[in-house]
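Participant: one predicted model, sequence on top.
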Amino acid sequence: MRIDIITIFPTMFDGMLSCGVISRAIKDGKIMVKIWDLREFAFDKHKTVDDKPYGGGAGMVLKPEPLIRAIRKIKTEHKRDENSPFVIYLSPQGKILNQKKVLELYKKKWLVLICGRYEGIDERVMRFVNEEISIGEYVLTGGEVAAMVVIDAVCRYVKGVVKEKESLLKESFMTKFLDYPQYTRPQVYMNMKVPEVLLSGDHKKIQLYRLKEAIRNTYKKRPDILHNIRLSKLEKKFLEEVITEENRRRK
Ligand SMILES: C[S@@+](CC[C@H](N)C(=O)[O-])C[C@H]1O[C@@H](n2cnc3c(N)ncnc32)[C@H](O)[C@@H]1O
């Protein structure tokens, strides 16, 4: 997986690229991340990348020439790669990032992430953009944090980045339900006990317990998910039990 980032604040990425799973994946050559300082593509000696909006109004806008020069440079620098990059503008106006979109982006194999600033970017750059992506319905000061979210979520799917393949397949948003609750040592803490069944060693029982608790988690935290899925007989039975138990608990 290759990711190129265009930003006016390259050092913002230092932390994320030097810690944890992503940093290891870069060292192992599983992902390649290159940061491009937009100011290097400015024409003048002051390295100007922004200007006032035509028509008036508040704030500044990122100029088209440095951005388009940066995109073109990235494309030519790696032109020996068979694929062409998928160019993304991080924007509050874009498609909301969810797990389905993350998997879609992972399949592109080469992403260019444009981080906007100020009031955004000159509209003419959009001719060079394949998709606008938003990380939620709120406005950030810049696209860098959004780019980090995309990198983190997408790179988890690169082979070998997350060691336990199973955890990728069984987590929230990859199955019908949210993930089940997890416990680790100690067995008892502040009078709170780990559920007996998890200590039983009976794998079938543990599997059924986890399915029911995943359904409970979903019912309690994201009941909307349950409206849009088909349930098996067993899942329906567990959901009915969960509803009864939770109603009883509330009384
Ligand atoms: C202050 S915002 C510009 C907002 C723009 N004037 C608007 O109302 O759509 C500056 C930059 O932050 C980034 N940004 C802000 N909110 C975002 C979000 N929810 N998702 C992704 N990027 C975002 C974009 O790159 C944007 O160009």
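Facilitator: Ah, there it is.

Participant: which residues of this protein lie near the ligand?
Facilitator: 90-93, 115-117, 119-120, 134-136, 138-143, 146 (Cβ under 6 Å from any ligand atom). (C-beta placed from N, C-alpha, C; glycine too.)

Participant: buried members of those residues into PyMOL, please.
Facilitator: The buried subset of those, as determined by 16 or more other Cβ atoms under 10 Å, is captured in PyMOL by this line:
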select buried, resi 90+91+92+115+116+117+120+134+135+140+142+143+146
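
Participant: can you list which of the residues of the chain next to the ligand are found in helices?
Facilitator: Secondary structure from DSSP state H places Ala146 of the residues of the chain next to the ligand in helices.

Participant: give me the subset of the residues of the chain next to the ligand lying in strands.
Facilitator: Within these, residues falling in strands by DSSP state E are Leu90, Ser91, Pro92, Gln93, Cys115, Ser134.

Participant: ok, the nearest residue to the fifth one once chain neighbours are set aside - contacts?
Facilitator: With Cβ to Cβ, 6 or more residues apart in numbering as the measure, Gly143 is the residue that lies nearest to Cys115, at 3.3 Å, once sequence neighbours are left out. Residues touching Gly143, when contacts are defined by Cβ atoms under 8 Å, 6 or more residues apart in numbering, comprise Thr7, Tyr89, Leu90, Ser91, Leu113, Ile114, Cys115, Gly116, Arg117.

Participant: what about 6 Å?
Facilitator: Going by Cβ atoms under 6 Å, 6 or more residues apart in numbering, Gly143 touches Leu90, Cys115, Gly116.

Participant: just send the residues you listed back as TSV, with distance to Ser84 and pLDDT too.
Facilitator: Shown next, in TSV, are those (distance: Cβ to Cβ, whole Å; pLDDT from 0 to 100):
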residue	distance to Ser84	pLDDT
Leu90	20	98
Cys115	20	99
Gly116	22	98
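
Participant: tell me how far the residue of the stretch 51-200 of the chain found nearest the ligand lies from Val149.
Facilitator: As assessed by Cβ to the nearest ligand atom, the ligand sits closest to Gly116 within the stretch 51-200 of the chain, at 2.1 Å. With distances taken as Cβ to Cβ, to the nearest Å, Gly116 is found 15 Å from Val149.

Participant: show me the domain layout of this structure.
Facilitator: Split into domains by automatic domain parsing, the chain comes to 2-165, 175-250.

Participant: which one of the ones you listed is the most hemmed in?
Facilitator: domain 2-165 (a mean of 16; mean count of other Cβ atoms under 10 Å).

Participant: quick one: the spatially closest residue to Ser84 that is not a sequence neighbour and Cys19, what's the gap?
Facilitator: Nearest non-adjacent residue to Ser84, counting by Cβ to Cβ, 6+ apart: Lys75, 6.8 Å away. Relative to Cys19, Lys75 is positioned 30 Å away (criterion: Cβ to Cβ).

Participant: go on, Arg2?
Facilitator: From Arg2 to Cys19 the distance is 20 Å (Cβ to Cβ).

Participant: just to revisit the earlier point, ok, the residue of the stretch 51-200 of the chain closest to the ligand - contacts?
Facilitator: Counting by Cβ under 6 Å, 6+ apart, Gly116 touches Gly143.

Participant: now do 10 Å
Facilitator: By Cβ atoms under 10 Å, 6 or more residues apart in numbering, the residues touching Gly116 are 6-8, 61-62, 67, 89-92, 125, 132, 140-144, 146.

Participant: strands of the stretch 51-200 of the chain, residue ranges please.
Facilitator: 61-62, 86-96, 110-115, 131-134, 188-189, 192-193 (DSSP state E, counting those that start in this stretch).
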